[in-house]
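[1] With the sequence up front, the predicted model follows.
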Amino acid sequence: MDLPIKLQQKLDNRIAQNAYRKLGDQHTITDFSSNDYIGFASSEAIFEKTHEFLTKNKIKTNGATGSRLLSGNHSMYTIVEEQLNAVHATEASLIFNSGYDANLGFFSSVPQRGDVILYDEFIHASIRDGIQLSNAKSYKFKHNNIEHLEEMLLRFQQENSSVFVVTESVFSMDGDTPDLVSMAKLCNTTQAYFIIDEAHALGVFSDGLVQELNLVNDVFARIITFGKGLGCHGAAILGGKDLINYLVNFARSFIYTTGLSPHALATIQTAYTYLKSKKGKELQFQLTENILFFKKETQRLNLNFIESDSAIHCCIISGNEKVKEIASQLQKNGFHVKPILSPTVPKNQERLRFCLHSYNSKEEITNVLEQLATFVL
Ligand SMILES: Cc1ncc(COP(=O)(O)O)c(C=O)c1O
């Protein structure tokens, strides 16, 4: 059956703009693209330990059987949420099926009509989608720009309404980090509720930057995800008990969906235990070393990258066609580097995005950057 004409036109436009997306096979070449920053997704130790845990505790069910509010609140949920509370020094936590669901649930249900949401202009799509579903008004502030945020906070302070400020501790498409300490101070003085998405910080900066920077008591909520640094699946919102009780009652992406399988939860539990082990710490250290080495090499080769201390490093290459061409050359030469195209990022801000890992060798880093230099310099 033919697609409705408007849909076909939209697809044709994507092709014309060189921005058509299609699914590919999982790659086997050198990984500079996955979010498996410290190699947990392919860790046999985590896989085996999860299996042992499930067998030892006689947990033999494959699925949750329902929403957590109906039949799906398996005992593994309590075990993992208590572990999260301890590791992340939070009063309470609530596991969602993914980071997308967590952000959708939070932003669609917490800010109310008459409230204001101030968000960084480069905020992740899951937060934008949550905001779209909210009855609150929303305004973006310039990326990582404290002065602009301050100006907006002063403008939107009103009686009988709440202001929510949201940012990411590591931006997914830039790899950079805002001045979270100054932002927290600003939110404190203006009584705004501060929310930080830590998706790309967990496992890269230990338990996340909020804890590294001692900001636990300054944030209203944190969103952490398990599909990136922890190499498994799912996400959680960390906050006070009252917030968590509210979300259980009103976050529709939490209520109207089947819970995670016991196996998925056991994997999260094992991944956290592994993160705290000697081996887990070694892997985080190797990643940090690789990040430092990558930065040194970009300087040596005079390559222009967005400033970042995280595992994500981006080289701006204007134009979908050009960035796709360079990515495909690097892929042909054995390096899986992804082009990030507009409209995912603004036009002319297209980029090559390198994700670094504990398991990348120094030689691989030098090789890929030397090749990149031949294409862009
Ligand atoms: C900043 C940020 N938040 C949330 C998400 C969504 O997390 P998940 O992949 O668990 O749905 C992502 C994933 O790309 C992300 O980059």
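    Noted; the coordinates are in hand.

[2] Pull the contacting residues for the closest residue to the ligand within the stretch 251-377 of the chain.
    Nearest residue of the stretch 251-377 of the chain to the ligand: residue 312, at 9.4 Å (C-beta to the nearest ligand atom). No exception for glycine: its C-beta is placed from N, CA and C like everyone else's. Contacts for residue 312 (C-beta atoms under 8 Å, 6 or more residues apart in numbering) come out as 170-175, 200, 353-356.

[3] swap the cut-off to 10 Å and go again
    Counting by C-beta atoms under 10 Å, 6 or more residues apart in numbering, residue 312 makes contact with 35, 37, 170-176, 200, 204, 291, 306, 353-356.

[4] Which of these fall within helices?
    Using DSSP state H, the subset of the contacts of residue 312 located in helices is residue 291.

[5] Return the residues of this structure in contact with the ligand.
    The interface of the chain toward the ligand, taken as C-beta under 6 Å from any ligand atom, is made up of 98-100, 103, 124, 126, 168, 172, 197, 199-200, 225, 227, 235.

[6] Among those residues, list the two that are farthest apart in space.
    Largest separation among these by C-beta to C-beta: 98 and 168, giving 16.0 Å.

[7] what about the two, which has more around it?
    A direct count of neighbours by other C-beta atoms under 10 Å for residue 98 and residue 168 places residue 168 higher, at 28 against 18.

[8] Any figure for the gap between residue 315 and residue 359?
    Distance, residue 315 to residue 359, using C-beta to C-beta, to the nearest Å: 22 Å.

[9] next one: residue 244
    36 Å.

[10] Same drill for the two, tell me which one is more crowded.
    Remark: of residue 244 and residue 359, residue 244 carries more neighbours, 21 against 17, as counted by other C-beta under 10 Å.

[11] which residues does that one contact?
    81, 90-94, 221, 236-238, 251.

[12] Let me see the mean pLDDT of the one helix or strand it maps to.
    According to DSSP states H and E, residue 244 maps onto helix 241-250. Averaging pLDDT along helix 241-250 yields 98.

[13] Return the alpha-carbon coordinates of it using CSV.
    Provided in CSV are the C-alpha atoms of helix 241-250 (Å, rounded to 0.1, in the frame of the first residue of the first chain):
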residue,chain,number,x,y,z
LYS,A,241,10.6,10.6,48.5
ASP,A,242,7.8,13.0,47.7
LEU,A,243,8.9,13.5,44.2
ILE,A,244,9.2,9.8,43.6
ASN,A,245,5.7,9.2,45.1
TYR,A,246,4.4,11.9,42.8
LEU,A,247,6.0,10.3,39.7
VAL,A,248,4.5,6.9,40.6
ASN,A,249,1.1,8.6,40.6
PHE,A,250,1.4,10.9,37.6
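
[14] I'd like the next helix or strand past it.
    Moving toward the C-terminus from helix 241-250, the next element (DSSP H and E) is helix 252-255.

[15] in the stretch 101-250 of the chain, which spans are helices?
    125-132, 146-156, 180-190, 209-212, 241-250 (DSSP state H, counting those that start in this stretch).

[16] can these go into TSV with extra columns for distance to residue 286?
    Below are the helices of the stretch 101-250 of the chain laid out as TSV (distance: least, C-beta to C-beta, whole Å):
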stretch	distance to residue 286
helix 125-132	29
helix 146-156	33
helix 180-190	25
helix 209-212	18
helix 241-250	35
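
[17] Report the central residue of this protein.
    Most central in the chain under C-alpha atoms, centre = their mean is residue 199, positioned 2.9 Å from the mean C-alpha point.

[18] Pretty sure it sits against residue 172.
    Yes - the pair residue 199 and residue 172 passes the contact test of C-beta atoms under 10 Å, sitting 6.7 Å apart.

[19] and for the two, which residues touch both?
    35, 124, 126, 228.

[20] Between those residues, identify the one with the most neighbours.
    Neighbour max across the shared contacts of residue 199 and residue 172 (other C-beta under 10 Å) = residue 228, 28 neighbours.

[21] Excluding sequence neighbours, find me the nearest residue to it.
    residue 35 (3.9 Å; C-beta to C-beta, 6 or more residues apart in numbering).
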